[in-house]
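Undergrad: For reference, the sequence and a predicted model appear below.
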Amino acid sequence: MPYRYHRPRTVIITGASAGVGRAIAQRFARAGDRIGLIARDDSALQDVQRGLQAVGAEAAWEAADVANAVVYFASDASALVTGAVMDLEQYPVGAPPNF
(Lines give C-alpha, C1' and ligand atoms only; values in the text may rest on other atoms or scores of the structure.)
Protein backbone atom coordinates (compact mmCIF):
# COMPACT_ATOMS: atom_id res chain seq x y z
CA MET A 1 0.00 0.00 0.00
CA PRO A 2 1.50 3.37 -0.97
CA TYR A 3 2.13 5.98 1.67
CA ARG A 4 -0.14 8.91 0.85
CA TYR A 5 0.61 12.17 2.56
CA HIS A 6 -1.07 14.34 -0.09
CA ARG A 7 -3.76 14.19 -2.73
CA PRO A 8 -2.54 12.00 -5.59
CA ARG A 9 -0.82 13.99 -8.31
CA THR A 10 -0.42 13.08 -11.94
CA VAL A 11 3.27 12.82 -12.75
CA ILE A 12 4.60 12.42 -16.29
CA ILE A 13 8.05 10.87 -16.58
CA THR A 14 10.02 10.73 -19.80
CA GLY A 15 12.77 8.15 -20.12
CA ALA A 16 10.73 6.02 -17.72
CA SER A 17 11.65 2.61 -19.07
CA ALA A 18 15.01 2.26 -17.29
CA GLY A 19 17.58 3.77 -14.98
CA VAL A 20 16.83 7.07 -13.30
CA GLY A 21 13.45 7.46 -15.03
CA ARG A 22 12.30 4.09 -13.72
CA ALA A 23 13.54 4.90 -10.21
CA ILE A 24 11.72 8.23 -10.25
CA ALA A 25 8.51 6.48 -11.33
CA GLN A 26 8.88 4.02 -8.45
CA ARG A 27 9.40 6.85 -5.96
CA PHE A 28 6.27 8.73 -7.06
CA ALA A 29 4.29 5.48 -7.10
CA ARG A 30 5.26 4.81 -3.48
CA ALA A 31 3.96 8.29 -2.65
CA GLY A 32 0.56 7.35 -4.13
CA ASP A 33 0.76 9.44 -7.29
CA ARG A 34 -0.67 8.59 -10.71
CA ILE A 35 2.16 7.97 -13.16
CA GLY A 36 2.36 8.63 -16.90
CA LEU A 37 5.31 6.77 -18.40
CA ILE A 38 6.88 7.87 -21.68
CA ALA A 39 9.88 6.29 -23.42
CA ARG A 40 10.71 4.61 -26.71
CA ASP A 41 10.72 0.95 -25.56
CA ASP A 42 7.12 -0.24 -25.28
CA SER A 43 7.94 -3.65 -23.79
CA ALA A 44 10.08 -2.05 -21.07
CA LEU A 45 7.30 0.47 -20.38
CA GLN A 46 4.83 -2.38 -19.93
CA ASP A 47 7.21 -3.98 -17.41
CA VAL A 48 7.51 -0.72 -15.48
CA GLN A 49 3.73 -0.26 -15.53
CA ARG A 50 3.16 -3.77 -14.17
CA GLY A 51 5.68 -3.14 -11.40
CA LEU A 52 4.01 0.11 -10.39
CA GLN A 53 0.55 -1.43 -10.48
CA ALA A 54 1.82 -4.29 -8.30
CA VAL A 55 2.43 -1.76 -5.51
CA GLY A 56 -1.00 -0.18 -6.01
CA ALA A 57 -0.15 2.76 -8.25
CA GLU A 58 -2.17 3.96 -11.21
CA ALA A 59 0.11 3.94 -14.23
CA ALA A 60 -0.32 4.46 -17.96
CA TRP A 61 2.32 4.41 -20.66
CA GLU A 62 2.86 5.58 -24.20
CA ALA A 63 5.85 4.75 -26.37
CA ALA A 64 7.16 7.97 -27.93
CA ASP A 65 10.40 9.74 -28.72
CA VAL A 66 10.02 13.15 -27.11
CA ALA A 67 13.14 14.37 -28.92
CA ASN A 68 11.17 14.20 -32.19
CA ALA A 69 8.54 16.92 -31.71
CA VAL A 70 6.55 16.15 -34.87
CA VAL A 71 6.13 12.48 -33.98
CA TYR A 72 5.58 13.27 -30.30
CA PHE A 73 2.70 15.69 -30.85
CA ALA A 74 1.06 13.27 -33.27
CA SER A 75 1.19 10.48 -30.67
CA ASP A 76 -1.05 9.68 -27.73
CA ALA A 77 1.78 10.78 -25.42
CA SER A 78 0.88 14.41 -26.02
CA ALA A 79 -2.68 13.68 -24.82
CA LEU A 80 -1.23 12.03 -21.71
CA VAL A 81 0.80 15.16 -20.95
CA THR A 82 -2.14 17.47 -21.73
CA GLY A 83 -4.29 15.56 -19.25
CA ALA A 84 -1.60 15.84 -16.59
CA VAL A 85 -1.25 19.57 -17.14
CA MET A 86 -4.99 20.02 -16.77
CA ASP A 87 -4.84 17.99 -13.56
CA LEU A 88 -2.01 20.13 -12.22
CA GLU A 89 -3.90 23.38 -12.87
CA GLN A 90 -5.69 22.80 -9.57
CA TYR A 91 -2.53 23.91 -7.74
CA PRO A 92 -1.98 27.64 -7.21
CA VAL A 93 0.76 29.23 -9.31
CA GLY A 94 4.00 29.35 -7.35
CA ALA A 95 2.84 26.73 -4.88
CA PRO A 96 3.79 23.33 -6.26
CA PRO A 97 2.96 20.30 -4.14
CA ASN A 98 5.57 19.28 -1.59
CA PHE A 99 7.72 16.27 -2.40
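TA: All right, it came through fine.
Undergrad: in what helix or strand does the closest residue to Leu45 other than its chain neighbours lie?
TA: Nearest residue to Leu45, sequence neighbours excluded (Cβ to Cβ, 6 or more residues apart in numbering): Trp61, at 3.9 Å. Just so you know, the C-beta spots here come from the backbone N, C-alpha and C atoms, and that holds for glycine as well. Assigned by DSSP states H and E, Trp61 belongs to strand 59-63.
Undergrad: Contacts for that strand, please.
TA: 16, 25, 29, 34-42, 45-46, 48-49, 52-53, 75-77, 80 (Cβ atoms under 8 Å, 6 or more residues apart in numbering).
Undergrad: Go ahead and build a PyMOL selection from the buried members of those.
TA: Selection of buried members from the contacts of strand 59-63 for PyMOL, criterion 16 or more other Cβ atoms under 10 Å:
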select buried, resi 16+25+29+34+35+36+37+38+39+45+48+49+52+75+77+80
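Undergrad: So, low pLDDT: which residues of this structure?
TA: 1-6, 69-99 (pLDDT under 70).
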